[in-house]
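Q: After the sequence you'll find the predicted model.
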Amino acid sequence: MNKSKVRDEFREFMSAEERTPPPGVTETILSRVRADLNPSAARVFSKLLAIHSVTAAVTLSFCPQFGFRLLGEGMGLMHVFMAFGTYGCMVACGALFTGLSLLLAAFILRGEEIRKIRDNRLLTLGALTLLSLGFFIMVDAEIVFSLAVTWFAGALIGSWLTLELGWMIRFRQAHQPT
Amino acid sequence: MNEKPRREAPVAGGTDEELMERYRTEGDEAAFATLYQRHAGRVYGYLSSRLPSRQDLDEVHQAVFMKFHQSRSLYDPKYPVLQWIYVIARTSVTDHLRRAGRSVPVIDDTTALDHAEAPPAERTPENEPDLDALENLSERERKAVEWRVLDELSYAEIAARLDQTETSVRQIVSRALKKVRLSLAAKGTAR
């Protein structure tokens, strides 16, 4: 299309007589956008849980948690983390277990869903971490209270940090000029 | 005809580009609602000159703004929001008519449209489309808008031509487009 025609068409658009759209159409548009920009917390948490299930299964293959390993044998990454001491190892294991999930979620979930998590991060990440701990209790993992608290703290902080890191990377990527 | 009262949408201030940035990066619903309120009338009017039936008109109008919403991450801040909306509207009409198996007609304002609430206005000298809205800009403003919107030059290129800073050029273009909108709105309310 030549520039002259583009110019004419754009002028026609700019000078178009304004007409009010029907209220029903306007309401449909606004409500659909509103729903899209405000996803339900339950739906977002379900998606996060699904992502976490997959990454947890992968993580448990090379880094046992509370002595529980999904595939293979041996200490895996625990062997490396034990260099930080018992409690350092628990912090690192917890951070890895949930951190990978949140990092992946930061790139898989939609921006509005990530915002939902960030707006309720303590509740969401706390719930995710508690559910994970509950899973290990269910499979009879070797859980000692003091170590569990340390693991919980590591998991919470690790997931928080990786969520923010993923958000920053994605936010900067998304808002670079195309 | 009495219309049902519409739910009041939250209103945000700022230029179109500022609103678009907030909407795009923060998911600001109020920013979208304001952009919609500002431009829905023009889009609907533009579409009404191209689509023969009310059903098509409503359907495409909705499609335009849903595409606008879905493609917000693709918006390039180098371009005015109005240009972005125009491109989406134009391609939506073309796509709709092709899907319907129709050629893209040139339908002028005198074609009868089935609009119960807004029958076509009688064409008089007072309500002719105001193409002079662009000519009412200063020479610098007119050139900046034409280079930006029609020739798709970057702000840096326009700044070089006008011997201005890039920031200054962005403000010139934004103010000029605002003047055009106000001029056309005033023309509309004066009827």
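A: Noted; the coordinates are in hand.

Q: So what's the gap between the biggest helix by length in chain A and the chain middle?
A: Determined from DSSP state H, the single longest helix within chain A is helix A:145-174. Distance, stretch centre to chain centre, for helix A:145-174: 10 Å (Cα atoms, centre = their mean, to the nearest Å).

Q: Equivalent analysis for stretch B:74-94, please.
A: 9 Å.

Q: Just the residues contacting it, thanks.
A: If you take Cβ atoms under 8 Å, 6 or more residues apart in numbering or on different chains as the criterion, stretch B:74-94 is touched by A:9-10, A:13-14, A:177-178, B:16-17, B:19-21, B:24, B:35, B:39, B:43, B:46-47, B:50-51, B:60, B:63-64, B:67-68, B:71, B:104, B:148-149, B:152, B:154-155, B:173-174, B:177. Every residue, glycine included, has its C-beta placed from N, CA and C.

Q: The longest helix of chain A packs against which elements?
A: Applying 3 or more Cβ pairs under 8 Å, 6 or more residues apart in numbering or on different chains; DSSP states H and E, one finds that helix A:145-174 contacts helix A:85-108, helix A:111-119, helix A:121-138.

Q: May I see the buried residues of it?
A: Neighbour-count burial for helix A:145-174, with 16 or more other Cβ atoms under 10 Å in any protein chain shown as criterion, is recorded at A:147-148, A:150-160, A:162-163, A:166-167.

Q: Could you do stretch A:72-80 as well?
A: The neighbour-count check on stretch A:72-80 (16+ other Cβ under 10 Å) flags A:G76, A:M78 as buried.

Q: before we move on, what about stretch A:99-109?
A: Across stretch A:99-109, burial judged by 16+ other Cβ under 10 Å covers A:G99, A:L100, A:S101, A:L102, A:L103, A:L104, A:A105, A:A106, A:L109.

Q: how many neighbours does whichever residue of chain B sits closest to chain A have?
A: Of all residues in chain B, the one sitting closest to chain A is B:G41 (3.4 Å; Cβ to the nearest Cβ). Applying other Cβ atoms under 10 Å in any protein chain shown, we find 18 residues neighbouring B:G41.

Q: Could you do B:R99 as well?
A: Applying other Cβ under 10 Å, we find 8 residues neighbouring B:R99.

Q: What confidence value was assigned to the residue of chain B most remote from its centre?
A: Distance from the centre of chain B peaks at B:D163, with 28.7 Å (Cα atoms, centre = their mean). With respect to pLDDT, B:D163 scores 81.

Q: what are the phi and psi values for it?
A: phi 60, psi 50 (degrees, to the nearest 10).

Q: can you pull out the helices in chain B?
A: So, for chain B - with DSSP H - the helices run B:16-26, B:29-48, B:54-70, B:81-99, B:132-135, B:139-145, B:155-162, B:166-189.

Q: Which residue, other than its chain neighbours, is closest to B:A156?
A: In this structure, B:A156 finds its nearest non-sequential neighbour in B:E166, 5.5 Å apart by Cβ to Cβ, 6 or more residues apart in numbering or on different chains.

Q: Can you report how many residues neighbour the one you found?
A: Neighbour count for B:E166, taken as other Cβ under 10 Å: 14.

Q: what's the neighbour count on B:S138?
A: B:S138, neighbours per other Cβ under 10 Å, totals 12.
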